[in-house]
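Enquirer: Next come a sequence and a model predicted from it.
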Amino acid sequence: MPVRKNRRSVWLGSCLLLTLAPALAWSQGEKLPEPPPAPQKKPELPAREAYLQALEKLVKGQGGSVQGVYTLAMAAAKEQLEAVIAWDAALAAGKIPKKRFERSLPGFHVGTQDALMVIPNSRFFLELARQRGNEVDRRFFGLLDETFRGGMARTYIDPVTDVHACYHLGSREFISLYRGWTQFKPGAPAAYRDTVNEELQGLEQALLKATCVCGTPEVVDAGFEAFLKTFPKSPIAPQVRERLEKLHTKSSDMLFRCGKELNVGQPLPYGVPTPAPFPTEPDPPKK
């Protein structure tokens, strides 16, 4: 019996020492082990978060570049558009969308009605380039602003409905844009290359494929002639000349003044944004 009593006393004493050990260690100035950090929840829109963080850093003058921010911005725009499309599809199917949805993205126009789109606000980025960019940045966003003028529609496209438009083919603005993007393309930085190609392809597709034309036959004829005279060595010059010949022989498939007299328009090709009826200009980035 005494032996058993001694063993129980030793066991109780050991438990007491183990319980008091952390408190004794803290009282003697030793640091307690830190608990493991809680796992961080991944953001639902990581590209958006990365873009906004880089934009804030650049605006505050804490580092970064306009080209770097624009690269992140376009990734965020793609992510935003995918979220908009997912929400639209879910609602059309009578389901509750699972993924987070943001109706706005700083520096962009976001369309969530009949036309789903995320388009850069040229005025926003032009102001950013003036404040924090270099000459190449200012030239690029100057061209982008000449193309959009801060709105959602390109200057050579007139909206007829939410999803239809007519085209100003061969106008002075059209030729000026084609010249500007063509000249900028050879030395375009990687951050701007996709946008440059998209704008040139949009101009060329409009010139070669558009059938709903805002002007009269005489205006379009003069515009085609001006394009061929200004860019005789353009890769699309032979096709433009062929369209012009069809216009002269009255075998063209173009509808003239279709946006005004017929009140119909041509469906916009993939990649060409649908303009909003009354686009507004958001505030430029703060210094």
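Expert: Now that the structure is in, tell me what you want to look at.
Enquirer: so where do the helices sit in the stretch 1-150 of the chain?
Expert: Secondary structure of the stretch 1-150 of the chain (DSSP state H, counting those that start in this stretch): helices at 2-27, 46-59, 66-92, 122-132, 135-148.
Enquirer: what's the second one in contact with?
Expert: By CB atoms under 8 Å, 6 or more residues apart in numbering, the list of residues contacting helix 46-59 from outside reads 43, 63-66, 68-69, 72-73, 75-76, 78-80, 102, 105-107, 128, 131-132, 285-287. For glycine as for every other residue, the C-beta is placed from the backbone atoms N, C-alpha and C.
Enquirer: by how many degrees do it and helix 122-132 diverge?
Expert: 40 degrees (axes from the mean of the first three to the mean of the last three CA atoms, to 10 degrees).
Enquirer: Quick check: phi and psi at Gly133.
Expert: Per-residue torsions, Gly133: phi -100, psi -180 (degrees, to the nearest 10).
Enquirer: Spit out the contact partners of the nearest residue to it once chain neighbours are set aside.
Expert: With CB to CB, 6 or more residues apart in numbering as the criterion, Gly133 has its nearest non-adjacent residue at 3.8 Å, and that residue is Val66. When contacts are counted by CB under 8 Å, 6+ apart, Val66 is found next to 58, 125, 128-129, 132-134, 137.
Enquirer: hmm, try it at 6 Å
Expert: Val66 sits next to 129, 132-133, 137 when contact means CB atoms under 6 Å, 6 or more residues apart in numbering.
Enquirer: Which one of the helices of the stretch 1-150 of the chain lies nearest to Tyr178?
Expert: helix 135-148 (10.6 Å; CB to CB).
Enquirer: Can you give me the buried ones in that closest one?
Expert: 136-137, 139-148 (16 or more other CB atoms under 10 Å).
Enquirer: any idea which of those residues is the one closest to Phe224?
Expert: For the buried residues of helix 135-148, the nearest to Phe224 is Thr147 (20.6 Å; CB to CB).
Enquirer: measure the closest one to Thr155 for me?
Expert: 6 Å (CB to CB, to the nearest Å).
Enquirer: Over to Glu225?
Expert: 21 Å.
Enquirer: Neighbour count for these two, which is higher?
Expert: Neighbour totals were compared for Glu225 and Thr155, and Thr155 leads with 17 against 14 (other CB atoms under 10 Å).
Enquirer: Isn't that one up against Glu173?
Expert: Yes - counting by CB atoms under 6 Å, Thr155 does reach Glu173; the two are 5.1 Å apart.
Enquirer: coming back round to it: just the buried ones from the contacts of helix 46-59, in ChimeraX syntax?
Expert: Remark: buried members of those, expressed as a ChimeraX selection using 16+ other CB under 10 Å:
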select :64,65,66,69,72,73,76,79,80,105,106,107,128,132,285
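Enquirer: Between which two of the contacts of Val66 is the distance greatest?
Expert: Maximum pairwise distance among the contacts of Val66 (CB to CB): 8.2 Å, between Arg132 and Asp137.
Enquirer: And the strands in the stretch 101-250 of the chain?
Expert: Along the stretch 101-250 of the chain, the stretches classed as strands by DSSP state E, counting those that start in this stretch are 108-112, 116-120, 157-159, 164-167, 212-213.
Enquirer: just these: most buried one?
Expert: Most buried of the strands of the stretch 101-250 of the chain, by mean neighbour count (mean count of other CB atoms under 10 Å): strand 164-167, with a mean of 25.
Enquirer: give me the low-pLDDT residue ranges for the chain?
Expert: Counting by pLDDT under 70, the chain contains low-confidence ranges at 1-43, 99-101, 162-163, 259-287.
Enquirer: So which residue is dead centre in it?
Expert: Ala77 (3.7 Å; CA atoms, centre = their mean).
Enquirer: which ones are touching the nearest residue to that one once chain neighbours are set aside?
Expert: Take Ala77 and drop its neighbours on the chain: the residue closest to it by CB to CB, 6+ apart is Val118, 4.3 Å away. Val118 is in contact with 77, 80-81, 108, 110, counting by CB under 6 Å, 6+ apart.
Enquirer: Just list whatever residues bridge to Val118.
Expert: Note on Val118: beta-bridge partners Val110, judged by DSSP bridges.
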